[in-house]
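1. got a sequence here, can you model it:
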Amino acid sequence: MNMAATPSSTSGKSAATKSRQHHSAIVIGAGQAGLSMSYCLSQQGIDNIILEKSSQIADNWRNQRWDTFCLVTPNWQCQLPGYPYQGDDPDGFMVKDEIVAYLEGYRAFFSPTIIFNSPVISLTKNGELFTLVTVDAIYTADQVVIACGSYHEPRVPAMAKKMPAHIAHVHSSFYKNPDQLPSGDVMVVGTGQSGCQIAEDLHLAGRKVHLCVGPAPRVNRRYRGRDVVNWLDDMGYYNTTLETHPDGKNAVHSTNHYVTGRDGGRDLNLRIFAEQGMKLYGVLKDTDGKRLFFNDDLKQNLDYADQVAERIVKGIEDYIQRNNINAPADDNIRSSYLPELVTELEIESSGINSVVWSTGFNMRFEWINLPVFEDNGHPKQNRGVTDVDGLYFIGLNWMHTWGSGRFYQVGRDAEYLSEVMVTVTHNLVGAI
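-> Purely as a prediction, here's the structure:
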């Protein structure tokens, strides 16, 4: 899911000295989406290459994850095309090095042509051909697939600049481990999957954590003897499309449920963290350099997370009863603990010396000079197919189903797009 370069990355050879190549299809990005796409294109007999901005595949998995990072979905969901999970622990959760090894194994499995250190500076279309300019070469292609994901530019709120000079700041994509941060308390801003898992990582290391809780949902790791993911898969949840999802296209913008696969997998219950000494607040609203100001929505956000978790297990329970499934009793630990509401905190007396900003990313697609974006900058596509003939996206969250941006179903999207693309290829050949 490696992103292409932003327009500022323009150093390299002049246009006159750059080599030139043509390929039937070019894939941009050598993460799981790009590799899956290349495999499916090769299966269809379509000549293709991958352009990768870094010097290795899976660069984001290697460099933008913390040391104890692991998948939150079971290993059996690693189902890249032609290359299902190869290990002996299907119900476990891959740690970072195992994820990289799985992707390296996939690369060795079918040996795609990857041009490394080739960030794309510009993508245009002239007539029927696309032109892709990199720092060292110019490529043309009949069809192009963007497989860069959507996590491009770490987003840090402007208020960070107003905090005292002694506060160390790190975005979640650059957090590695508790020892990376100076001594003292740590504030984690944001409770998506990364924020909650990093807060736990610090908490387990004995660091005092101040967690700013947003309106993110949570999910129980297990229910009645099985991983919740297994139940939901049996129920067909992961085949839900945007067209059939209750939230429709709004599902694209929803926050992922927080849970962890660490140490075999468990719940992340913020109320229990608070009982153990973690300080919880509502959404961080602002700072004047001396004080931090929080919304008074802590209870609302904790209640919402619990309601989503209970709604999911209720759906599973209904499924169990409807199908007369014999399952053990529920052994989930619940908590109704409500931390004290704090809406203002003195920074100096709080002990906070560092902040981890788990506040998401901005998309950066300025290098694509084609009319394929919504007003908000998000790609405008239908299951990866854009309004520009021959241009496609893959690996975006909820591009078609929940699994579109994940190991589980990105391959299905790649297979679908390869079928679309082989039809286009045949039409091009027929027109010659």
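2. need phi/psi at the closest residue to Tyr237 other than its chain neighbours.
-> Leaving aside its sequence neighbours, Tyr237 sits nearest to Trp402 (CB to CB, 6 or more residues apart in numbering; 7.2 Å). Just so you know, the C-beta spots here come from the backbone N, C-alpha and C atoms, and that holds for glycine as well. Backbone torsions of Trp402, given as degrees, to the nearest 10, read phi -50, psi -40.
3. ok, now which ones touch Trp402?
-> Contacts for Trp402 (CB atoms under 8 Å, 6 or more residues apart in numbering) come out as Tyr237, Tyr238, Thr240, Gln409.
4. of those residues, just say which sits nearest to Ser38.
-> Nearest to Ser38, judged by CB to CB, of the contacts of Trp402 is Gln409 at 17.2 Å.
5. that closest one reaches Asn397, doesn't it?
-> No - judged on CB atoms under 8 Å, Gln409 makes no contact with Asn397 at a distance of 11.4 Å.
6. list the contacts of the closest residue to Ala205 other than its chain neighbours.
-> In this structure, Ala205 finds its nearest non-sequential neighbour in Pro178, 4.0 Å apart by CB to CB, 6+ apart. Pro178 makes contacts with Val186, Asp201, Leu202, Ala205, Arg207, as judged by CB under 8 Å, 6+ apart.
7. try 10 Å
-> Neighbouring residues of Pro178 by CB atoms under 10 Å, 6 or more residues apart in numbering: 66-68, 186, 198, 201-207, 209, 354.
8. can you tell me which of the residues you listed are in strands?
-> Val186, Val209, Ser354 (DSSP state E).
9. got CSV for those, with pLDDT too?
-> Formatted as CSV, the ones in strands among the contacts of Pro178 follow (pLDDT from 0 to 100):
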residue, pLDDT
Val186, 98
Val209, 98
Ser354, 98
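10. out of the residues you listed, who's the most crowded?
-> Val186 (27 neighbours; other CB atoms under 10 Å).
11. was I right to think that one contacts Asp179?
-> No - using CB atoms under 10 Å as the test, Val186 is too far from Asp179 to be in contact (11.7 Å).
12. now do the shared contacts for the two.
-> Ala205, Arg207.
13. the protein: helices as residue ranges?
-> Using DSSP state H, the helices of the chain run over 32-43, 59-63, 96-110, 193-204, 228-234, 270-275, 298-322, 347-350, 410-431.
14. dump the ones you listed to CSV, plus distance to Ala147, mean neighbour count and mean pLDDT.
-> Output for these, formatted as CSV (distance: least, CB to CB, whole Å; neighbours: other CB atoms under 10 Å; pLDDT from 0 to 100):
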stretch, distance to Ala147, mean neighbour count, mean pLDDT
helix 32-43, 4, 27, 98
helix 59-63, 12, 17, 93
helix 96-110, 13, 17, 97
helix 193-204, 22, 23, 98
helix 228-234, 25, 20, 97
helix 270-275, 34, 18, 98
helix 298-322, 31, 16, 97
helix 347-350, 42, 13, 96
helix 410-431, 9, 18, 86
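15. what would these look like in CSV with distance to Lys380?
-> As requested, the helices of the chain are exported to CSV (distance: least, CB to CB, whole Å):
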stretch, distance to Lys380
helix 32-43, 18
helix 59-63, 24
helix 96-110, 29
helix 193-204, 26
helix 228-234, 29
helix 270-275, 36
helix 298-322, 29
helix 347-350, 43
helix 410-431, 16
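16. how close does Asn126 get to Ala141?
-> Distance, Asn126 to Ala141, by CB to CB, to the nearest Å: 12 Å.
17. the two - which one has more neighbours?
-> Per other CB under 10 Å, whichever of Asn126 and Ala141 has more neighbours is Ala141, with 25 against 8.
18. what bridges to that one?
-> His23, Phe130 (DSSP bridges).
19. show me what contacts it?
-> So Ala141 contacts 21-27, 47-49, 51, 123, 125, 129-132, 390-391 (CB under 10 Å, 6+ apart).
20. filter the residues you listed to the buried ones?
-> Neighbour-count burial (16 or more other CB atoms under 10 Å) applied to the contacts of Ala141 gives 23-27, 48-49, 51, 123, 125, 130-132, 390-391.
21. look up the closest residue to Phe93, ignoring the ones flanking it.
-> Using CB to CB, 6+ apart, the nearest residue to Phe93 is Gly261, at 2.8 Å.
22. just the pLDDT at the one you found, thanks.
-> For Gly261, the pLDDT comes out at 98.
23. and what of Asn332?
-> 91.
24. how near is the closest residue to it other than its chain neighbours to Gly265?
-> Leaving aside its chain neighbours, Asn332 sits nearest to Asn220 (5.3 Å; criterion: CB to CB, 6+ apart). Applying CB to CB, the value for Asn220 to Gly265 is 10 Å.
25. give the residues shared as contacts by these two.
-> With CB under 10 Å, 6+ apart, Asn220 and Gly265 have common neighbours Asp227, Val228, Val259.
26. now stretch 313-324, how far from the centre of its chain.
-> Its chain's C-alpha centre and that of stretch 313-324 lie 30 Å apart, by CA atoms, centre = their mean, to the nearest Å.
27. what's the answer for stretch 72-82, then?
-> 15 Å.
28. check which residues of that stretch are buried.
-> Under 16+ other CB under 10 Å, the buried positions of stretch 72-82 are Val72, Thr73, Pro74, Asn75, Trp76, Gln77, Cys78, Gln79, Leu80, Pro81.
29. residue contacts, the second one?
-> So that's Thr73. 93-94, 227, 229, 233, 238, 259, 261, 265, 403, 406-408.
30. among those, who's most crowded?
-> Val259 (26 neighbours).
31. that residue and Gly265, how far apart?
-> 8 Å.
32. next: Val135.
-> 42 Å.
33. cool, and Leu292?
-> Look at Leu292 and Gly265: by CB to CB, they are 33 Å apart.
34. check Pro157 too.
-> Pro157 is 32 Å from Gly265, by CB to CB.
35. next: Leu232.
-> Separation of Leu232 from Gly265 (CB to CB): 14 Å.
36. for the worst-scoring helix or strand of the chain on mean pLDDT, list the C-alpha coordinates in PDB.
-> Lowest on mean pLDDT, DSSP states H and E among the helices and strands of the chain sits helix 410-431, with a mean of 86. Coordinates of the C-alpha atoms in helix 410-431 are reproduced here as PDB (Å, rounded to 0.1, in the frame of the first residue of the first chain):
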ATOM      1  CA  VAL A 410      -8.500  -7.400  -1.900                       C
ATOM      2  CA  GLY A 411      -7.900 -10.400  -4.100                       C
ATOM      3  CA  ARG A 412     -11.600 -10.500  -5.100                       C
ATOM      4  CA  ASP A 413     -11.400  -6.900  -6.200                       C
ATOM      5  CA  ALA A 414      -8.200  -7.700  -8.100                       C
ATOM      6  CA  GLU A 415      -9.900 -10.600  -9.900                       C
ATOM      7  CA  TYR A 416     -12.800  -8.400 -10.800                       C
ATOM      8  CA  LEU A 417     -10.700  -5.600 -12.200                       C
ATOM      9  CA  SER A 418      -8.500  -8.000 -14.100                       C
ATOM     10  CA  GLU A 419     -11.600  -9.300 -15.900                       C
ATOM     11  CA  VAL A 420     -12.600  -5.800 -16.700                       C
ATOM     12  CA  MET A 421      -9.100  -5.100 -18.000                       C
ATOM     13  CA  VAL A 422      -8.800  -8.200 -20.100                       C
ATOM     14  CA  THR A 423     -12.000  -7.200 -21.900                       C
ATOM     15  CA  VAL A 424     -10.600  -3.700 -22.600                       C
ATOM     16  CA  THR A 425      -7.300  -5.300 -23.800                       C
ATOM     17  CA  HIS A 426      -9.200  -7.500 -26.300                       C
ATOM     18  CA  ASN A 427     -11.200  -4.500 -27.500                       C
ATOM     19  CA  LEU A 428      -7.900  -2.600 -28.100                       C
ATOM     20  CA  VAL A 429      -6.400  -5.500 -30.000                       C
ATOM     21  CA  GLY A 430      -9.600  -5.800 -32.000                       C
ATOM     22  CA  ALA A 431      -9.500  -2.100 -32.900                       C
END
